[in-house]
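Trainee: sequence first, predicted coordinates after that:
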Amino acid sequence: MSKALWVIQGLLAALFLAMGITKLGMSADELTAQAPFPDMFMRFIGVCEVLGAFGLILPGVFGLWTRLTPLAAAGLAIIMAGATVVTAGSIGMTAAFLPLVAGLLSAFVAFGRWKLEPLHERKAATPLDDREQQRVTQTIAR
């Protein structure tokens, strides 16, 4: 299950990174032509998508703050729920299929990383106690 989650996370991260960068790179006129929202709101969504893409991958890779991965996936699922509703209402059900699938996969990753296969934090190095420190010092001195 962990491998399947990693594959889905990688695909979703690539998708959300591309969508977010696209939103951040478009002009204000292009953004408002595509969606019935102000350009700054769409840029905010783009930033959320880019940060969510990083949140899907980086905590697991580095073993730090691994609780962020299911939170990032849940946030992206919420964004995609809104995108599905807006797309279905403005363009049609056929165009709403991509955000629907991306949202369902994001929800699956959120559940999977929360309950089924949570990522684990890497253990921090512990300082040596006095006896171990003495032994290491004596070994080095020889």
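Mentor: Cool, got the structure.

Trainee: show me where the protein has helices.
Mentor: In the chain, the helices defined using DSSP state H lie at 2-25, 28-34, 39-62, 68-90, 97-111, 130-141.

Trainee: and of those helices, who's closest to E117?
Mentor: Checking the helices of the chain against E117 by C-beta to C-beta gives helix 2-25 as the closest, at 4.6 Å. Using the backbone N, CA and C atoms, a C-beta is placed for each residue, glycine as well.

Trainee: what about G82, neighbour count?
Mentor: 12 (other C-beta atoms under 10 Å).

Trainee: I meant A141, not that one.
Mentor: The burial count for A141: 6, using other C-beta under 10 Å.

Trainee: ok, it to D130 distance?
Mentor: For A141, the distance to D130 equals 16 Å [C-beta to C-beta, to the nearest Å].

Trainee: what do you get for T84?
Mentor: Taking C-beta to C-beta, one finds T84 at 61 Å from D130.

Trainee: comparing those two, which residue is more hemmed in?
Mentor: T84 (21 against 7).

Trainee: show me what contacts that one?
Mentor: Going by C-beta atoms under 8 Å, 6 or more residues apart in numbering, T84 touches A96, P99, L100, G103.

Trainee: and the last one, what does it touch?
Mentor: Applying C-beta under 8 Å, 6+ apart, we find G103 in contact with L76, A77, I79, M80, A81, A83, T84.

Trainee: and if you look at the first one?
Mentor: A96 is in contact with T84, V85, T87, A88, counting by C-beta under 8 Å, 6+ apart.

Trainee: ok, of those residues, which come out buried?
Mentor: Neighbour counting by 16 or more other C-beta atoms under 10 Å classes T84, T87, A88 among the contacts of A96 as buried.
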